[in-house]
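[1] task: produce atomic coordinates for the following.
(chains A, B and C)
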Amino acid sequence: MTGPGEQLTLAGLPAPRARRRPRATTGPVEAAEREPVARVAIDLPPAHLDRTFEYLVPAALADSAVPGTRVKVRFGAQDVDGYVLERVEEAEHDGALAPLRKVVSTEPVLTPAVIRLARAVADRYAGTLADVLRLAVPLRHARVEAEDTGVEPVPLEMPVRPSASAWVDYRGGAAFLQHLGSGGSPRAVWTALPGTGELSWPLAVAQAVAATVLGGRGALVVVPDARDVDRVCAALTEVGLGAWSRGTRGGVVRLMADDGPAARYRAFLAARRGLASVVVGTRASAFAPVADLGLVVCWDDGDSLHAEPRSPYPHVREVLALRADLEGAALLLASHTRTVEAQVLVESGWARQVVADRAQVRARTPRVQALTAVELAREGAAAAARLPAPAWRVLRDAMESGPVLVQVPRAGYVPAVACGRCRTVARCGTCHGPLGLDRADGTPTCRWCGRLATGWRCAECGAGALRSVRVGSERTAEELGRAFPQVPVRVSGARAAGGVLAGVPDSPALVVSTPGAEPVAPGGYAAAVLLDAAVATAGTSLRASEDALRRWMAAAALVRPIGEGGQVVLVGDAAPRPTQALVRWDPVGFAARELAERTELALPPAVRTVTVRGPRDAVGAVLDRLVLPEGADVLGPVPVDGEAGRSPVQGLEPDVQALVRAPRGAGAALARTVAASLAVRSAHREGGTVRVQVDAPEPV
DNA sequence: AACCCATCTGCG
DNA sequence: GCAGATGGGTTC
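    You can find the predicted model right below:
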């Protein structure tokens, strides 16, 4: 650019801008000989800054400022962090370029594939690249970065053996593995049957990974929590894929935040440097830079842990689906149940389903019965048992041959009522289920059988007054322990004294667990009783039924098959559709019917949704700028009640929320117009905090 | 966040 | 007619 003294002033036009601030450049810098221009993604949150800025690469940084490295640059009047995305010969920007100030680390933490993925995720979720990169790249740990990984890494001795033994019961299973081994990119939605050891889902996943590795490619497995990471890693060891260690090449790394920043960064670098070929991790590892990626796996995509809670709230299933597309990798969406989102992928033809025949389903699942009010009525009034008599009998009989599992709602989650005088939990006079006080007229009702408990009297002290309390797994464990004094009681749950148990021995025991915390019994549970079914499917959430079925089946999948006497009892009057799906072990039919209904009602995932929440004016401004694609509509805004919706700064004025809907085909256009509106919002410094979420798990 | 520029405002 | 305030836009 020319200086002010040499500038020509064109008549009729405003005078050209004066020379840039002298502080921006620290004297003349010699530019790199080759590719002297770096395109940099700036690590700042405002949406209107979500584009690349070009900087001059000083000759001194010519070799270190490679794509993917972290850099410091002058941006306006501040020093900011950023990433070099590209090096190019010519700048597109027709002004002077400021020089890169510093290469923070020579480690290129972003690969071209991850950059493309992050951009696609940002676009999909109407978010910014900076936000996505913050999710994708772990914090730098300089000491770990400097660790010696061996000058000549030795290839790890891995006696990986090809086997599809865990897949033979599934139609298309063997073909899927063969396709993986020969370098193909099949996409499968796999509905796994219960099974232990050779028939377990972790072993099946391990065999799919092994097939991919034997075919010369890397693999990525994303699971909900640390326990599942352990299970998958153990199964990988069984198929000959051991843990990666320093100085070697090949092997498996675990990648999760729980392991701490050093271990996390070490695992991340091992993958990025192409030293480890398999990554097993939780949520954020969906972005892990696996070299020559051949397979991505998501286990249990319905688990809420797969939904990222930070902006732009990407979901592991969607990230991996995008990734499979962009990197030409295979995708395995695996679960004991099936999410409605996975059903969309199957019905649209994007993925193939891998399911077992009906005969295999019958052979590998337990006997399931639902103990609803109808069944209980047949029993007549039971004795002083804490459980309905039939459920109690199942537990008692099963305990002779192994551990039994009781799934109870989370501690403190279920409001119940107790005697106002002696605090004994109030029970239904007919089935002995817990009472609830949620009817408008104040009459207590049974949470199990639904009967009205008019004229209730405390069985212990005879008082007639009730008070609200909360019961959880600890209390239930106590009560059940008294009912079965002859066996040990083990409690598993986040709030339990012993925390979440990974496993229990095969000996007789009563295991009480909250959903998702069920320990694995190596030989399978002899029986499981699922309590409070009515509570599980209550509520207005779109996902209530789906979540309930997923939790029930996750517990039921730990029970022995019918041929070994395995039994499951669902206690309480839940919604009929998930109840029937559990009894018939038909998660696919359930997902198909749910999707049909959602399609009929234009509810997600049949449509793409964007929720916009915040102060009324701010939300209104964002909505006003949208250029809605064909077929899209805006619902609301409506005031959001409750603590979550109240913005402290806005005082008593409640936040509002709007729901924007568009046909799935218009999803990209919808996200684009939302992102554009948010960019204007940030450039105009519009006030308030607006939370925008594409495909929120709970959009209403 | 800091800066640049255009426009407005208050006072002569 | 002009200094100083104000607001909107840019930052490579």
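
[2] how distant is stretch A:308-320 from the center of its chain?
    A distance of 7 Å separates the centroid of the chain from that of stretch A:308-320, by CA atoms, centre = their mean, to the nearest Å.

[3] and what of stretch A:613-623?
    Relative to its chain's centre, stretch A:613-623 lies at 28 Å (CA atoms, centre = their mean).

[4] could you do stretch A:623-643 as well?
    Distance of stretch A:623-643 from its chain centroid, counting by CA atoms, centre = their mean, is 26 Å.

[5] try stretch A:327-342
    How far stretch A:327-342 lies from its chain's middle: 12 Å, per CA atoms, centre = their mean.

[6] same check on stretch A:588-595?
    How far stretch A:588-595 lies from its chain's middle: 21 Å, per CA atoms, centre = their mean.

[7] give me the contact list for that stretch.
    When contacts are defined by CB atoms under 8 Å, 6 or more residues apart in numbering, stretch A:588-595 is touched by residues A:191, A:337-340, A:342-344, A:347, A:353, A:355, A:545-546, A:549, A:577-578, A:581, A:605-606. Placement of C-beta: from N, CA and C, glycine included.

[8] what do you get if the cut-off is 6 Å, keeping everything else the same?
    Residues from elsewhere that reach stretch A:588-595, judged by CB atoms under 6 Å, 6 or more residues apart in numbering: A:191, A:338, A:340, A:343, A:581.

[9] nearest to DNA strand B among these?
    A:V340 (41.5 Å; CB to the nearest atom of the strand).

[10] and that closest one, how far is that from DNA strand C?
    41 Å (CB to the nearest atom of the strand, to the nearest Å).

[11] check A:E653 too.
    According to CB to the nearest atom of the strand, A:E653 and DNA strand C sit 22 Å apart.

[12] quick one: the strands in the stretch 601-700 of chain A?
    Listed in chain order, the strands of the stretch 601-700 of chain A (DSSP state E, counting those that start in this stretch) span A:607-614, A:633-639, A:656-663, A:691-694.

[13] highest mean neighbour count out of those?
    Burial of those is given as mean neighbour count (mean count of other CB atoms under 10 Å); strand A:607-614 ranks first at a mean of 24.

[14] alpha carbons only: can I get that strand in PDB?
    Provided in PDB are the C-alpha atoms of strand A:607-614 (Å, rounded to 0.1, in the frame of the first residue of the first chain):
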ATOM      1  CA  VAL A 607     -37.400 -31.500  10.300                       C
ATOM      2  CA  ARG A 608     -34.300 -29.500  11.100                       C
ATOM      3  CA  THR A 609     -34.800 -27.100  14.100                       C
ATOM      4  CA  VAL A 610     -33.100 -24.000  15.400                       C
ATOM      5  CA  THR A 611     -34.000 -22.700  18.900                       C
ATOM      6  CA  VAL A 612     -33.200 -19.100  19.600                       C
ATOM      7  CA  ARG A 613     -33.400 -18.100  23.300                       C
ATOM      8  CA  GLY A 614     -32.700 -14.800  25.000                       C
END
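
[15] now for it, which elements pack on it?
    For strand A:607-614, the packing partners by 3 or more CB pairs under 6 Å, 6 or more residues apart in numbering; DSSP states H and E come out as strand A:656-663, helix A:667-683, strand A:691-694.

[16] hey, what's A:A330 bridged with?
    Per DSSP bridges, the residues bridged to A:A330 are A:L295.

[17] which residues of the stretch 301-450 of chain A lie near DNA strand B?
    Taking CB under 7 Å from any atom of the strand, no part of the stretch 301-450 of chain A reaches DNA strand B.

[18] contacting residues around the closest residue to A:A683 other than its chain neighbours?
    Leaving aside its sequence neighbours, A:A683 sits nearest to A:H48 (CB to CB, 6 or more residues apart in numbering; 4.0 Å). For A:H48, the contact set (CB under 6 Å, 6+ apart) comprises A:679, A:682-683.

[19] so which of those also contact DNA strand C?
    A:A683.

[20] related to what we said a few turns ago, nearest to DNA strand B, out of the helices and strands packed on strand A:607-614?
    helix A:667-683 (8.8 Å).

[21] what about that closest one, near DNA strand B?
    No. Under the criterion of CB under 7 Å from any atom of the strand, DNA strand B is not reached by helix A:667-683; the shortest gap measures 8.8 Å.

[22] chain center to that helix: distance?
    25 Å.

[23] follow-up on the earlier one: need the helices and strands packed on strand A:607-614 in TSV (columns: mean pLDDT).
    TSV is the format used below for these (pLDDT from 0 to 100):
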stretch	mean pLDDT
strand A:656-663	95
helix A:667-683	96
strand A:691-694	97
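
[24] of the ones you listed, which is nearest A:P637?
    Among those, the nearest to A:P637 by CB to CB is strand A:656-663 (3.8 Å).

[25] partners of the closest one in the sheet?
    Using DSSP bridges, the strands paired with strand A:656-663 in its sheet are strand A:607-614 (antiparallel), strand A:633-639 (antiparallel).

[26] could those be laid out in a markdown table, adding distance to A:Q178 and mean pLDDT?
    Output for the strands paired with strand A:656-663, formatted as a markdown table (distance: least, CB to CB, whole Å; pLDDT from 0 to 100):
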| stretch | distance to A:Q178 | mean pLDDT |
| --- | --- | --- |
| strand A:607-614 | 35 | 96 |
| strand A:633-639 | 46 | 90 |
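
[27] follow-up on the earlier one: closest to DNA strand C out of the contacts of A:H48?
    For these, the nearest to DNA strand C is A:A683 (5.0 Å; CB to the nearest atom of the strand).
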